[in-house]
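Engineer: Predicted model, plus sequence, below.
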Amino acid sequence: MTAAPLRIGNASGFYGDRFDAVREMLTGGPLDVLTGDYLAELTMLILGRSRLGDPNRGYATTFLRQLEDGLGLAHERGVKIVANAGGLNPAGLAEAVRELAEKVGVPVRVAHVEGDSLPVPDGFLTANAYLGGAGIAACLRAGADVVVTGRVTDAALVTGPAAAHFGWEPGDHDALAGALVAGHVLECGTQATGGNYSFFRGHDVRRPGFPLAEIHADGTSVITKHDGTGGVVDVGTVTAQLLYETGGARYAGPDVTARLDTVRLTQEGPDRVRISGVRGEAPPPTLKVGLNRIGGWRNEVVFVLTGLDIEAKAQLVQDQFAEAFTRTGKEPDEVRWELARTDRADADTEETAGALLRLVVRDQDPEAVGRAVSGAAIELALGSYPGFHVTAPPGKGAPYGVFEARYVPAGEVDHVAVLPDGRREDMATPLHVRDLEGVDEPALPEPLPTGITRLAPLGRIAGARSGDKGGDANVGVWVRTDDAWRWLAHELTVERFQELLPETSELTVVRHVLPNLRALNFVVHGLLGDGVAAQARFDPQAKAVGEWLRSRHLPVPLNLLESTDAPEAHA
């Protein structure tokens, strides 16, 4: 008799995700474990700043409000809750959950995981190591009903419960790797069920349900969602999420390194995608450490330019600001202008006749980006281009953050499970480790025979999803047929990628080939500067770089355009 799978659901992909998701997941169908991912690089900076004002905070308070009725629902249904909402203060959140449980009259055993918080170097706000799932597993084995953590890897919220349930040991690399991949699919919530999906027009994704994974004892899984919820789970949505914020074929975690080039996806039925074949290797000997600091001060003004002479109007504003900075002697260290030509000729509404001129300034001195900038903008109100106005009143500026990643030996980081009875259990460092290295480039498929082509958007054929990792961005591109893969693998080289996205032409771009997924993953080094908190770009998390790429035109074989089954992707 085959053991029943462990059903692990997700109810949060970020701090601020759909508030009702906890209730929806607990009442929508059978579930064993409910997870929530509340942390991101930017979130740690936000929590670090909040804790400066109140040392007792530093955790995701939304999670507590979600538990006001979630605790009772989970208790009634026998569902364990595992979340990294502890942020910088998991012990504080664990105590707050106990107080809440007493208040609402629900008997729950609460545990937490700590040790990720490291000594903070001078000039930084936070320093946290990314822990694995071993501490979570220890808490669950000790009978915890609720486990809260600080900075663990997103996928650890799944590998920990799976290891506890199935009794996996640290050397069960393939099983752990399967759970790691499932965890990566779940971690961003509705991105696995049709949210942020290139081919969204083929499905009703107005309110996608949150995903869950049915994990088996061998590490294979089925990604699905509760019956009757919105969105869709298919090979495309799962592929898109697998490519999100990843790099090469080796996807490393503190518990195991998963080989993404071994992943196989199979549509098992409506809203059911099986993940199988995942091979695992020993984890690397180091842990990633995320550090956040205040990088300086920033201000922004967006000018609206309407109608005729857009370029001349933009130049006038820039010249006037240059003179204003010269007069005051307070020109910011960094001054960036960007003109977005959103205007149309002979427009039938004022808004569609307008273009946006964006000024972004940075400096270590708040005065240099404050009154010096806002004052100059306000003083131009009656003495600049015709039709002068801005999208919002100029402000006094605000601090911006910088994220840095460092690596430390895993043995130098404490990983402690604080069990429901208060006992502390130290997690052992993995005995077997393996340095991360690249894999041999896989053989490409036979090229598609040369034929008639037509200029068309890449998105007529391919889907894409992009995201951020510190200052780098990744752009995953995939197709849905073997013939399209034969074309994409040879056509979308690094050189072609940089030609289509000129912003990347002077940066280092690395291409990774994943034939099982019919996918290419491009890592663009340095595109995001100092990371999302620095807001260096118009799209600071590279969320839409993939859609920009899909919109670019290139010669596409006519037979692929004629046979595409994605009319919703047509330009």
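Structural biologist: Arrived safely. Numbering: from 1, shown residues only.
Engineer: hmm, who's touching stretch 314-323?
Structural biologist: Applying Cβ atoms under 8 Å, 6 or more residues apart in numbering, the contact partners of stretch 314-323 are 303, 305, 335, 337, 339, 355, 357, 359, 376, 380, 384-385. In short, each C-beta sits where N, CA and C put it, glycine included.
Engineer: And the furthest pair within those residues?
Structural biologist: Using Cβ to Cβ, the two most remote members of the contacts of stretch 314-323 are 355 and 376, lying 20.4 Å apart.
Engineer: Between the two, which has more neighbouring residues?
Structural biologist: residue 376 (22 against 19; other Cβ atoms under 10 Å).
Engineer: Quick one: residues contacting that one.
Structural biologist: Contacts of residue 376 by Cβ under 8 Å, 6+ apart are 320-321, 324-325, 328.
Engineer: How is it assigned, secondary-structure-wise?
Structural biologist: helix (DSSP: H, G, I helix; E, B strand; the rest coil).
Engineer: Residue 404 belongs to a strand?
Structural biologist: Yes - counting by three-state DSSP, residue 404 is located in a strand.
Engineer: Not counting its neighbours along the chain, what's nearest it?
Structural biologist: Take residue 404 and drop its neighbours on the chain: the residue closest to it by Cβ to Cβ, 6 or more residues apart in numbering is residue 291, 4.6 Å away.
Engineer: What residues are bridge-paired with the one you found?
Structural biologist: residue 127, residue 404 (DSSP bridges).
Engineer: could you flag which of the contacts of residue 376 are buried?
Structural biologist: For the contacts of residue 376, a burial check counting by 16 or more other Cβ atoms under 10 Å picks out 320-321, 324-325.
Engineer: so where do the strands sit in the stretch 401-550 of the chain?
Structural biologist: Per DSSP state E, counting those that start in this stretch, the stretch 401-550 of the chain carries strands over the ranges 416-418, 424-426, 453-457, 463-469, 472-478, 508-514, 519-525.
Engineer: Next, format those strands as a markdown table and append mean neighbour count.
Structural biologist: As requested, the strands of the stretch 401-550 of the chain are exported to a markdown table (neighbours: other Cβ atoms under 10 Å):
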| stretch | mean neighbour count |
| --- | --- |
| strand 416-418 | 23 |
| strand 424-426 | 14 |
| strand 453-457 | 15 |
| strand 463-469 | 24 |
| strand 472-478 | 25 |
| strand 508-514 | 18 |
| strand 519-525 | 23 |
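Engineer: Adding distance to residue 284 and mean pLDDT, write those out as CSV.
Structural biologist: Formatted as CSV, the strands of the stretch 401-550 of the chain follow (distance: least, Cβ to Cβ, whole Å; pLDDT from 0 to 100):
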stretch, distance to residue 284, mean pLDDT
strand 416-418, 21, 98
strand 424-426, 20, 98
strand 453-457, 39, 97
strand 463-469, 16, 95
strand 472-478, 18, 97
strand 508-514, 18, 98
strand 519-525, 17, 97
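Engineer: Just tell me which of those ends up closest to residue 556.
Structural biologist: Per Cβ to Cβ, nearest to residue 556 of these: strand 453-457, 4.5 Å.
Engineer: what does that closest one contact?
Structural biologist: The contact list for strand 453-457 (Cβ under 8 Å, 6+ apart) reads 550-558, 561, 571.
Engineer: Partner strands of it and their direction?
Structural biologist: Strand 453-457 has these strand partners (DSSP bridges): strand 553-557 (antiparallel).
Engineer: The partner strand: what's the following helix or strand?
Structural biologist: Counting by DSSP states H and E, the next helix or strand C-terminal to strand 553-557 is helix 558-563.
Engineer: Dump that next one to PDB, keeping only the CA atoms.
Structural biologist: What follows is helix 558-563, C-alpha atoms only, in PDB (Å, rounded to 0.1, in the frame of the first residue of the first chain):
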ATOM      1  CA  LEU A 558       6.500  31.100 -40.400                       C
ATOM      2  CA  ASN A 559       5.500  27.500 -39.600                       C
ATOM      3  CA  LEU A 560       6.000  28.200 -35.900                       C
ATOM      4  CA  LEU A 561       3.800  31.300 -36.100                       C
ATOM      5  CA  GLU A 562       1.100  29.400 -38.000                       C
ATOM      6  CA  SER A 563       1.100  26.400 -35.700                       C
END
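Engineer: Quick one: list the elements packing against that helix.
Structural biologist: strand 453-457, helix 482-491 (3 or more Cβ pairs under 8 Å, 6 or more residues apart in numbering; DSSP states H and E).
Engineer: Enumerate the positions of the longest one that are buried.
Structural biologist: Translated: helix 482-491. In helix 482-491, counting by 16+ other Cβ under 10 Å, buried: 483-489, 491.
Engineer: Would you confirm that residue 304 contacts residue 385?
Structural biologist: No - the criterion here is Cβ atoms under 8 Å, and residue 304 misses it with residue 385 at 10.0 Å.
Engineer: what's the pLDDT at the residue nearest to residue 404?
Structural biologist: Residue 291 carries a pLDDT value of 95.
Engineer: so who does it touch?
Structural biologist: Contacts of residue 291 by Cβ under 8 Å, 6+ apart are 120-121, 124, 126-127, 403-406.
Engineer: Likewise for residue 147?
Structural biologist: 80-83, 110-113, 136, 139-140, 160.
Engineer: Tabulate these (TSV), appending pLDDT.
Structural biologist: Listed next are those as TSV, based on pLDDT from 0 to 100:
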residue	pLDDT
80	98
81	98
82	98
83	98
110	98
111	98
112	98
113	98
136	98
139	98
140	98
160	98
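Engineer: In the host helix or strand of residue 339, which residues are buried?
Structural biologist: Assigned by DSSP H and E, residue 339 belongs to strand 334-340. For strand 334-340, burial by neighbour count (16+ other Cβ under 10 Å) applies to 335, 339.
Engineer: quick one on the thing from earlier: wait, which of the contacts of residue 291 is closest to residue 286?
Structural biologist: Among the contacts of residue 291, and counting by Cβ to Cβ, the member closest to residue 286 is residue 406, at 9.3 Å.
Engineer: From residue 136, how far off is residue 313?
Structural biologist: 57 Å (Cβ to Cβ, to the nearest Å).
Engineer: higher neighbour count, those two?
Structural biologist: Ranked by neighbour count (other Cβ under 10 Å), residue 313 and residue 136 place residue 136 first, with 34 against 23.
Engineer: what's the next secondary structure element after the strand or helix carrying the more buried one?
Structural biologist: For residue 136, the host element (DSSP H and E) is helix 134-141. Using DSSP H and E, the next helix or strand after helix 134-141 towards the C-terminus is strand 146-149.
Engineer: Surely residue 215 touches residue 8?
Structural biologist: Yes - here residue 215 reaches residue 8: they are 6.2 Å apart, a contact under Cβ under 8 Å.
Engineer: max-length helix in this structure?
Structural biologist: helix 310-328 (DSSP state H).
Engineer: got the angle for it vs strand 334-340?
Structural biologist: Between helix 310-328 and strand 334-340, the angle comes out at 160 degrees (axes from the mean of the first three to the mean of the last three Cα atoms, to 10 degrees).
Engineer: Give me the below-cutoff pLDDT ranges for the protein.
Structural biologist: Per-residue confidence for the chain (pLDDT under 70) gives these ranges: 1-2, 565-571.
Engineer: Ramachandran angles for residue 269?
Structural biologist: The phi/psi pair for residue 269 (degrees, to the nearest 10) reads phi 170, psi -180.
Engineer: I'm done for today, thanks for sticking with me.
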